[in-house]
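Enquirer: Got a sequence here, can you model it:
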Amino acid sequence: MASSTIVADALAELAKVLVSKYDGDFDAQNHGIKLGEDTWRAGLALPLFPIKLPATRSLFHKTKNAMIFGWTPGGILVAKREAQNVHWGTTVTDPAWRLLRRQEKVVVELTSRSANVLRDLVG
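Expert: Below is the predicted model:
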């Protein structure tokens, strides 16, 4: 796992990206994104083992239940749709892992958590 400083920097970048992309539809207090009838929750996909991710990159990739906004050295910037039976785990880690492998030729095991949980952990 990354240091608390690196994770905090990734969370700050995530908020910056979401404010830029969604403006008033992004709630920085709870990391929620309101898109039509759906609410999405932002967070990070983090390497399970110490590894430096590739240089910061901004992009956008969306599946039915996950969005990926790019990555920083501290984590992959993600959001998941808030719905019954849509959980953090593979909902965001699988597409994040595949995108990182395809774009950067990096293979890494990931775990994911909401920005709210990570913010509380890094203080």
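
Enquirer: Where is the longest strand in this protein?
Expert: In the chain, taking DSSP state E as the definition, the longest strand is strand 38-47.

Enquirer: how many degrees apart are whichever strand or helix holds residue 22 and strand 38-47 in direction?
Expert: Residue 22 is located in helix 4-22, with elements delineated by DSSP states H and E. Interaxial angle, helix 4-22 versus strand 38-47 (axes from the mean of the first three to the mean of the last three Cα atoms, to 10 degrees): 150 degrees.

Enquirer: what comes up buried for helix 4-22?
Expert: Using 16 or more other Cβ atoms under 10 Å as the test for burial, helix 4-22 gives 6, 7, 8, 9, 10, 11, 13, 14, 15, 17, 18, 22. Using the backbone N, CA and C atoms, a C-beta is placed for each residue, glycine as well.

Enquirer: which residues touch the nearest residue to the third one once chain neighbours are set aside?
Expert: In this case it means residue 8. If you skip the residues right next to it in sequence, residue 8 has residue 122 as its closest partner in space, 4.8 Å away by Cβ to Cβ, 6 or more residues apart in numbering. Residues in contact with residue 122 (Cβ atoms under 8 Å, 6 or more residues apart in numbering) are 4, 5, 7, 8, 11.

Enquirer: how about residue 122, phi and psi?
Expert: phi -90, psi -10 (degrees, to the nearest 10).

Enquirer: ok, it to residue 74 distance?
Expert: For residue 122, the distance to residue 74 (Cβ to Cβ, to the nearest Å) stands at 10 Å.

Enquirer: list residues touching both of those two?
Expert: Taking Cβ under 8 Å, 6+ apart as the criterion, residue 122 and residue 74 both touch 7, 8, 11.
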